[in-house]
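1. Pasted the sequence and its predicted model underneath.
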Amino acid sequence: MKSILFLLLASGPFFFLNAQETPGTSLATINDAAAFLAGEELPNQTDHPLTQTSAWKSHVSQFGKDFTNHQERVLFPMSEWSGTEVVPAQPPGAVVRYMFSGPDILHAIHMFPTAGTFIMCGLEPVGQAPDITALNEGNVATALGEVRNSLGEIIQLSFFRTKDMKDDLQFATFQGTTPIMMIFLAKSGQYVKELEFLKLQKDGTLASQGFDHKGANAVRMVVSPRRLNQPKTIYYFSSDLSNGGFDTTGFGTWIAQQPKGSAYLKAASFLMHDDWFSKVRDHLLTNSQQIIQDDSGIPYRRFDPAVWNATLYGVYSGPIDLFKDSFQADLVQAYQTDKKPLNFGTGYKWRKGESNLMRFVLKDLPAAPAPAAPAPAETPAEAPAAPAPPAVQ
């Protein structure tokens, strides 16, 4: 797969939870670890000694400055845009499908702030939850420096680049999508209230492993501001989305059972321009009531004007050189006919004034049903080493 998001194959020996080795694992320690890495005040250990180190204080300043800059350039304008452009096709509690996402929950929750469930998928491994007890004064500077190196690119560019991420994480002390997602969530004021690692079966069912990450190819989190009851359920699947993997892994079967909703596609490597990815493309076209994407998602020609209302934003001048074969002449013509401004940058052409974004909404959009959560995981015959959090009902 030519995905630009093939990352996070690091080989660090220590920065993780293992339910069998750490029976005292708790959501409190996980949230403290995520907040520490995010440079935020620890919610449960306000006097933790590592927060007094110069390494952490420097991280708070440097990472905080970079994140604030990204908020002002991208996230806040994106949320403002969403508030006027994405409703009413995104009812509260609805499902968002974000394929080829990698760990990018950050932009998804700002694009769809009222969504109740996010279904994310990519090739990147699930990894493990962070463990603050593994850090000490001797290794904390290295770990925090790796956080800034690893996440600096998406904060600057709004997407991950494969080669740079592999280089950055070659000696990283954490790996996988789970800790990165948790850092983004902590930075966005979210608290992990439920966590379970899952095994996706070939028949499309999910088996819960509780806190035990070994062999897991999916993770489920329920997050909310700590003192509020505003839950969002986040699924991340490490799965092959090509035609050869979409059905055989069980992912196609599982996601076909989930409620229809919105789809989000950004920096998707133009994979769905290729017929090798026709199954996931057709799934999104069939199971989405609206699709928000840049030009790297589903080709413009695939949206039947008898079925979809299209609104185009920003500018389209063709793809970056890496994907020059995916130029869309019909999209050039569409942008010449009608377009609206876009006041933030997104996708591969990430600079404001160079980006494009498209919103497709079904013409016969049905009345919004009461939100329904995805099917809960099936508990395996043998109980996991740590108790599984309750599945969403």
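-> Great, that's in hand.
2. In terms of secondary structure, what does the longest strand anywhere in the chain contact?
-> Assignment by DSSP state E gives strand 191-200 as the longest strand of the chain. Helices and strands touching strand 191-200, by 3 or more C-beta pairs under 8 Å, 6 or more residues apart in numbering; DSSP states H and E, are helix 27-38, helix 177-187, strand 206-208, strand 218-224. Yep, even glycine has a C-beta here, placed from its N, CA and C like the rest.
3. Helix 27-38 and the very next helix or strand once past the longest one, what's the angle between them?
-> Okay, so that is helix 27-38. On the C-terminal side of helix 27-38, the nearest following helix or strand under DSSP states H and E is helix 54-70. With axes from the mean of the first three to the mean of the last three C-alpha atoms, to 10 degrees defining the directions, helix 54-70 sits at 80 degrees from helix 27-38.
4. ok, back up a step: any idea which of the helices and strands packed on strand 191-200 gets closest to Q90?
-> strand 218-224 (18.3 Å; C-beta to C-beta).
5. hang on, the earlier thing: let's have the helices and strands packed on strand 191-200 in CSV, adding mean neighbour count and mean pLDDT.
-> Compiled in CSV, these are given as follows (neighbours: other C-beta atoms under 10 Å; pLDDT from 0 to 100):
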stretch, mean neighbour count, mean pLDDT
helix 27-38, 24, 95
helix 177-187, 26, 94
strand 206-208, 22, 97
strand 218-224, 23, 98
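6. Save the ones you listed as a markdown table, and put in distance to N309 too.
-> Output for these, formatted as a markdown table (distance: least, C-beta to C-beta, whole Å):
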| stretch | distance to N309 |
| --- | --- |
| helix 27-38 | 39 |
| helix 177-187 | 32 |
| strand 206-208 | 35 |
| strand 218-224 | 32 |
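7. Go through the ones you listed and name the closest to L135.
-> It's helix 27-38; of these, that one is closest to L135 (C-beta to C-beta) at 7.7 Å.
8. Distance from that closest one to the middle of the chain?
-> Computed by C-alpha atoms, centre = their mean, to the nearest Å, the chain-centroid distance of helix 27-38 equals 18 Å.
9. Run through who's touching it.
-> Helix 27-38 is contacted from outside by 17, 41-45, 48, 50-51, 56, 63, 129-133, 135, 143-144, 147, 174, 179, 182-187, 191-195, 389, using C-beta atoms under 8 Å, 6 or more residues apart in numbering.
10. how much space between the residue of the chain most remote from its centre and D330?
-> Each residue of the chain has a distance to the centre, and by C-alpha atoms, centre = their mean the biggest one is for T337: 33.0 Å. Using C-beta to C-beta, to the nearest Å, T337 is found at 11 Å from D330.
11. Run a quick neighbour tally on the closest residue to R301 other than its chain neighbours.
-> Nearest non-adjacent residue to R301, counting by C-beta to C-beta, 6 or more residues apart in numbering: D330, 5.6 Å away. D330 has 10 neighbours, counted by other C-beta atoms under 10 Å.
12. for the helix or strand harbouring D330, which positions count as buried?
-> For D330, the host element (DSSP H and E) is helix 329-337. Using 16 or more other C-beta atoms under 10 Å as the test for burial, helix 329-337 gives 331, 334-335.
13. Could you dump the residues you listed into JSON lines and include pLDDT?
-> JSON lines is the format used below for these (pLDDT from 0 to 100):
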{"residue": "L331", "pLDDT": "98"}
{"residue": "A334", "pLDDT": "97"}
{"residue": "Y335", "pLDDT": "97"}
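14. Make sure E85 is actually in contact with T311.
-> Yes - E85 is within contact range of T311, at 7.5 Å (criterion: C-beta atoms under 8 Å).
15. which residues does the closest residue to S242 other than its chain neighbours contact?
-> Spatial nearest neighbour of S242, excluding adjacent residues (C-beta to C-beta, 6+ apart): W276 at 5.3 Å. Neighbouring residues of W276 by C-beta under 8 Å, 6+ apart: 242-244.
16. picking up where we left off before, now the longest strand of the chain - C-alpha only, CSV.
-> This file holds the C-alpha atoms of strand 191-200, laid out as CSV (Å, rounded to 0.1, in the frame of the first residue of the first chain):
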residue,chain,number,x,y,z
TYR,A,191,-10.5,12.3,29.6
VAL,A,192,-10.4,8.5,28.8
LYS,A,193,-13.3,7.0,30.8
GLU,A,194,-13.3,3.6,29.2
LEU,A,195,-10.5,1.7,27.4
GLU,A,196,-10.4,-1.8,26.0
PHE,A,197,-8.2,-3.5,23.5
LEU,A,198,-10.0,-5.7,21.0
LYS,A,199,-9.4,-8.6,18.6
LEU,A,200,-11.2,-8.3,15.3
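17. what's the angle from it to helix 177-187?
-> Computed by the same axes, to 10 degrees, the angle between strand 191-200 and helix 177-187 is 160 degrees.
18. From the chain's centroid, how far away is strand 191-200?
-> Remark: strand 191-200 is offset 14 Å from the chain centroid, using C-alpha atoms, centre = their mean.
19. wait, T114 sits on P91?
-> Yes - the pair T114 and P91 passes the contact test of C-beta under 8 Å, sitting 7.4 Å apart.
20. where exactly do the strands run in the protein?
-> According to DSSP E, the strands that the chain contains are 95-99, 117-122, 191-200, 206-208, 218-224, 232-238, 261-265, 288-293, 308-314, 356-362.
21. would CSV of those strands with distance to R73 be doable?
-> Below are these laid out as CSV (distance: least, C-beta to C-beta, whole Å):
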stretch, distance to R73
strand 95-99, 21
strand 117-122, 23
strand 191-200, 26
strand 206-208, 37
strand 218-224, 24
strand 232-238, 24
strand 261-265, 19
strand 288-293, 19
strand 308-314, 15
strand 356-362, 15
